[in-house]
Structure formats: C-alpha cells, structure tokens
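# need a structure here:
(chains A and B)
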Amino acid sequence: MSNVVPTRELVRLQGLQVKVGQLLVKNKLSDMLKDDLSRLYDALELSVAKLDDLNLQGVSLDSIDSAEMRHDIRNAIGITKGYAELIKDTAEAPSATLSNLLDKIMLWSAKTISTLERTRLKQTDSSLFAMTAIKQQHPNHRGHILILDDEPANRELLSRHIQQLGLETFACATADEAYEVLRSNDIDLILLDLIMPVVSGHQVLADLKASQLWRAIPVIVISGMSDQDEVIKCIQAGADDYLQKPFNKVLLQARLHAGLDRKRWVDKERELSNELEKSHRFIKNTFGRYLSTEIVSKLLDKPDGLDMGGQLQTVSILMADIRGFTTISESLPPQKVVKVLNNYLGTMADIIMAHDGTVDEFIGDAILALFGAPVAKADDSDRAIACALAMQAEMDAINERNIAEGLPSIRIGIGINTGEVVAGNIGSKKRAKYGVVGHAVNVTSRVEDQTQPGEILVAQSTLDHCSLTLQTGRELRLQPKGVKETISVTAINGIVDMADKKSNDAPIKSNDVSSTAKKSESNGNASNNNLSNEKHKANL
Amino acid sequence: MTRILLVEDNEMNRDMLTRRLERKGFTIESAGDGEEALKKIAASQPDLVLMDMNLPILNGWATCRELRANPATESLPIIALTAHAMAEDEQKARAAGCNDYTTKPIDFPLLLAKIDNLLTA
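Predicted coordinates:
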C-alpha cells in the first residue's frame, strides 16, 4: 500500500470543514450564526471540490496552467475567506473554539492564495529556481536584509537593530546601490524608505514588483508619515508590511520575522512541491472525495452529535488495492489510468457504502474503508467480510466494462483486520482530518500486502469477532514490523449459507472448498500455506 | 441609506458579499449578469455598483461601457471585482470606465474604504 498523502492544503481544509460541521451540530447557535456557519460549510465544500479536482488531474496548486482553473480556485477560496471573516466580524460572543477555527480558515486561505500566486512566478521565472537551488545548499542560511534609506542615521540604526537579531544587513543609500546588491546577493527581505531623493520608494517598489526575479522578496515599507492612504497605496503596490518611524525595536523584530517566515515558507513550499511532483506519479495524487461528505452527513444526521475528538474504538479495517497497478499506470496514458480508476473506485465505494462501511480514503488505487467508525455496530466484522466478497465478485463486471472500453482488466487484493484504533478528528501533524490511526491500520496494510490477485485475507482478530460461517482457503502467519507475536491470517472464499448449514451438518458447501472456519475455531496453523484453488467468487 | 447594486453571477460570492455589506449598514440589491444589472439600474439607480467582470450574457466591461455611454449613468460610481490579479485587468477595468478596482479574494476593509471614498467624492 502506498503512503502518498494528498496535498496538505486539501487535508487541512477537509479537517476544517469537518470541524465547522461539528460546530453546526453540536452547539446551540443563534439563527444568524447557524445560517452563516452553514454557508461557510458550503464554501469549504466548494473549495474542497476545487482542490480535489486539481488533485484528480494531478496538478499541484502552484503549477496550474489554466487561467480559468486558477480563477475558480481563487474564487472558491475568496468565498471561504469572506464567510470566515464575516462570522469573525459579526458573531456575538464567539466561543474560543469558533474563533480559533475561523482564524485557521483565514490562515489557510491566505496561505493557499499565496501558493496559488506563485504559479505565475514559477511559469515565467526560471532564475528563481536557480535561487531556490542555491538556498537548498545552505539550509542554515540566516536571512539577508537589504535596507534602502537615504538617511545615514536611519541606516545605521536599522542595521544595528537587525544585526542584533542575528541577521545580515546590506545598507544602501540609493536605488542604484540597492539594485546592485540585489543582483549580486540573495536577499530575503527589503526594508524600504518611501521618501528619497532621485528615485522614490514608490518607484523602487514598483520596479521590484515588476521584476520577475525580485517580485517574491517581501518588502516592508518604512514611513515617516502616519498617513494611512499612503500605506494602503504601498500595500496595494505590493509591499507586504509597513513600519513607522521612529522605529519600535520590538515591532521591527516581529515584522522582520513575519516577513522572513513568509519568504521561508514560499521557498519551502516550492521545494516541497517540487519534491512531491518528482516522487509521486500523477495517479498517486488521486484522492477520493467520499470521506468528507460521507462522514459529515452521518454527523449531521445525529443532532446529539458524536464525539469526534478522537476515541479509542474497535474497528474492522478493510484495505484493497489493485495488484500490479504501478505497472499498469506506467504503461497507460494518464487519462486511461483515470478511467480505470473511476470504473473501479466508484463501484467499490458504492459496495462499501451498501455494507454500511465508511470510505475513509482513496490513496491512489488503494481503498481504506472502515466498519465501526464513526458508528460502531455489532456486526462490523461480518459486514467487512461480506463487503470484501462482494467487491471481489464485482470485479468480473468491472473488467468486462474495462475491456469494452479498451482498458486492461485488473485484479485486486483485499486485507481485513480488526483492532483498536483512535478514530476521530486527529489533530496531529500526520492527520488533521477525520480518520483512524493506530497499529491496527498498519497491520491491515501488512495483511493486504500478502494477498494474491483476487484474494481476500482476513486476520484472526476479525474472525474472532465474526459470526459468519466461512469458506476458507490458505492460512499463513505474518510478523508485522514492530510486533512481537505473529498474527494468523486466513484466506476467505465465501460465506456458508446458514440454511445450507442446517440441512447439512458438515458446514462444507457442495463445491470444492478446502476447509471452513467459524470464529475462533480456525486454528491458524502456519504450516498450511498452500493457496486454495481458484474459487474466489463470493458464494452469497 | 446607501444602496449598492452587486452584480455577480456566482451565487455564493453574491450571498457572502451581500451579508457582509448588509451588516455594515448598506442596502444591497443584486443582479446575476450584465443585462439584468442594466435593467435594474434603469428601473432604479443605486448609489454605487460593485461589478464582477466575468459575467454571463453581458460581461462587466461591456456593461460598464454601456453605463458610461448613457448620460443618466455616466457618473454612477462603479467598482470592478475580479478574481484575476493581473495589472492588465486593472487597466482593462479602468479603460471600460470603472472608477476603482479590487481583486478577489476581497480585502473587505479596503473595499469599504473604496466604497466610502467614491460615495463621498
């Protein structure tokens, strides 16, 4: 199973959307706030959909070629940000949770817009890449600040302050000097005085922002005037921040750090997105959309609210993937790969939902489904197994469709394991969305790794919870990484009909199935490693 | 009471801006395309128009030009809204007769300042 994560923007956003959904169902809210929040929820949904489309096309946020697509995304984010600000501005006595959430949404919007903004830079400016490359060679780069001020006393004062912060300064008296420094040094931030003879600060700002090479460098304008219009003009012209004379040391420090952070963030994001593009193939970015709508709608159906804060619960986890998919995806054009996936994932999601499972995520060609989260039921293991059998049974129909459309036929392996996991909105860095984490998830992945094409392997933990009489195939023992004891795993070929069982004391179906197991009766014998004969179809 | 006509084809954007502006005390009417905007302005002239440029049927630039060509609306304040953050877009909007210009995502305090500026001018 691959470990590809979707773009961080999308994961964060889905987490935020779920949180807004929770606030909507869990708290007593005024009508106005409820209405505003549900609009915010819709706006988040729109943003999720737009980013998801992008992912499906394998395009990263800062390399969108289509102006229309950029427009749509910018629009969706703008709406999201607008509702968040509206609520922030007008909600009466907002809870700390709400304020915090709104801040996060606004921050997300700002960051995402700024990622989006880099598109043009990236498209037009190869020299900027060269700059990034230089920076990557010097990870401990301290921060180079250019000061452009015609007054020697100001230059000296600023230089001293900034050097005390451990940053390097380049003080310039004229625009020409500044351009010379910019050409020969890697500058991270510019402090710019507005009132200067010969070339004014406004002109310098315009020149900087017109330059493809220097546009990304944050500019803090130094203004002697308390004239807000002037400041607004500069901000509109592309300055990032402003600082008023006389300098306040603390404020200077805060703004410098904010500016440098921004620059670092820009550099880092570019670096990361480059890496991501390199290492992850097109299709690995594909990410399902079922997660948010499915889980959130379940939540909304329960006005009492579910505790989504991260609960320890027993869940049957199903993982499926297309065997040999990497080979298939390498030999097909991306559009065909998407078709294969759509044929497959859409049908599988329907089957999983029909068995009351939750599609937690699609990761490339892999499916992670949960039975027992967010809502636990007594027959979670039974449904997981029945679902797996139904999935395998459906493969013939999927392949018929594939072949009819000139696509390759595919076979899948399915692993099922049951165990305690933490389910909920897990706010760790690894996961900021509804989902499950825990050892049991990793074990499931190991089980799934062992499957042959067309096979279903079920861990003993699931069989222990299972009330079905099953037709079983080979048994094997696994030793997942980090686990002392081995676990026993059994191939499942079908379910023995209860009526059949009664009429026929021996629980073996008339057709050739090697053995049967019911609950813990399965002995988990490691020596029995032979593959059962090719009867993989469900016997429902 | 200041009346603003918001011309925007995207329902969510329209709703969001309407809510924000109404809570600042403006009376908001809206139109979903340029043609509807022209009809509404002809029926009852607002104090100011906020206009998205990428509109169906009749786009924002054409709508602006038409408003400017009509003596009744030649000085009606218009602020262009667009999701493109290109310098050419601002020039294009101004060339079509918009008094001011703002990009999406909208900097709301800035937009308020611009509205205020045009209304008091």
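# What segments of chain B are helices?
For chain B, applying DSSP state H gives helices covering B:11-22, B:34-43, B:60-69, B:87-95, B:108-120.
# If you count contacts, what does the longest one end up packed against?
With contacts taken as 3 or more C-beta pairs under 8 Å, 6 or more residues apart in numbering or on different chains; DSSP states H and E, helix B:108-120 sits against helix A:228-236, strand B:48-52, strand B:78-82, strand B:100-103. Yep, even glycine has a C-beta here, placed from its N, CA and C like the rest.
# Counting neighbours, what do you get for the residue of the stretch 201-350 of chain A found nearest chain B?
Nearest residue of the stretch 201-350 of chain A to chain B: residue A:232, at 6.9 Å (C-beta to the nearest C-beta). By the criterion of other C-beta atoms under 10 Å in any protein chain shown, residue A:232 has 17 neighbours.
# for residue A:193, same thing?
22.
# so how far is residue A:210 from it?
Here residue A:193 is placed at a distance of 19 Å from residue A:210 (C-beta to C-beta, to the nearest Å).
# Can you list the strands that the top strand by length along chain A pairs with?
Using DSSP state E, we find that the single longest strand of chain A is strand A:412-425. If you go by DSSP bridges, strand A:412-425 pairs up with strand A:311-322 (antiparallel), strand A:434-437 (antiparallel), strand A:456-459 (parallel).
# Any chance of JSON lines for the helices of chain B, columns distance to residue A:471 and mean pLDDT?
Listed next are those as JSON lines, based on distance: least, C-beta to C-beta, whole Å; pLDDT from 0 to 100:
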{"stretch": "helix B:11-22", "distance to residue A:471": "53", "mean pLDDT": "94"}
{"stretch": "helix B:34-43", "distance to residue A:471": "66", "mean pLDDT": "91"}
{"stretch": "helix B:60-69", "distance to residue A:471": "67", "mean pLDDT": "85"}
{"stretch": "helix B:87-95", "distance to residue A:471": "66", "mean pLDDT": "71"}
{"stretch": "helix B:108-120", "distance to residue A:471": "64", "mean pLDDT": "84"}
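# As JSON lines, the ones you listed with distance to residue A:114 and mean neighbour count would be great.
Listed next are these as JSON lines, based on distance: least, C-beta to C-beta, whole Å; neighbours: other C-beta atoms under 10 Å in any protein chain shown:
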{"stretch": "helix B:11-22", "distance to residue A:114": "20", "mean neighbour count": "20"}
{"stretch": "helix B:34-43", "distance to residue A:114": "32", "mean neighbour count": "18"}
{"stretch": "helix B:60-69", "distance to residue A:114": "26", "mean neighbour count": "20"}
{"stretch": "helix B:87-95", "distance to residue A:114": "18", "mean neighbour count": "15"}
{"stretch": "helix B:108-120", "distance to residue A:114": "17", "mean neighbour count": "15"}
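# To residue A:445, which of these lies closest?
helix B:11-22 (39.1 Å; C-beta to C-beta).
# Need the residues that contact the closest one.
Identification of contacts with helix B:11-22 by C-beta atoms under 8 Å, 6 or more residues apart in numbering or on different chains yields A:36, A:39, A:42-43, A:46, A:75, A:78-79, A:82-83, A:85-86, A:89, B:4, B:6, B:8, B:28, B:30, B:32, B:50, B:52, B:104, B:106, B:108.
# What ranges does the stretch 251-400 of chain A have for its helices?
A:290-301, A:325-331, A:334-354, A:380-404 (DSSP state H, counting those that start in this stretch).
# Excluding chain neighbours, what is closest to the residue in chain B that chain A sits nearest to?
At 3.2 Å from chain A, residue B:105 is the closest residue in chain B, using C-beta to the nearest C-beta. Leaving aside its chain neighbours, residue B:105 sits nearest to residue A:78 (3.2 Å; criterion: C-beta to C-beta, 6 or more residues apart in numbering or on different chains).
# Tell me the spacing between residue A:474 and residue A:489.
Taking C-beta to C-beta, one finds residue A:474 at 9 Å from residue A:489.
# Same drill for those two, tell me which one is more crowded.
Applying other C-beta under 10 Å to residue A:474 and residue A:489 shows that residue A:489 carries more neighbours, namely 27 against 18.
# Who are the packing partners of whichever helix or strand that one is part of?
Applying DSSP states H and E as the criterion places residue A:489 in strand A:487-495. Contacts defined by 3+ C-beta pairs under 8 Å, 6+ apart place strand A:487-495 against helix A:380-404, helix A:439-449, strand A:456-459, helix A:460-465, strand A:469-478.
# Go through the ones you listed and pick out the most buried.
Using mean count of other C-beta atoms under 10 Å in any protein chain shown, the stretch among the helices and strands packed on strand A:487-495 with the largest mean neighbour count is strand A:456-459, at a mean of 28.
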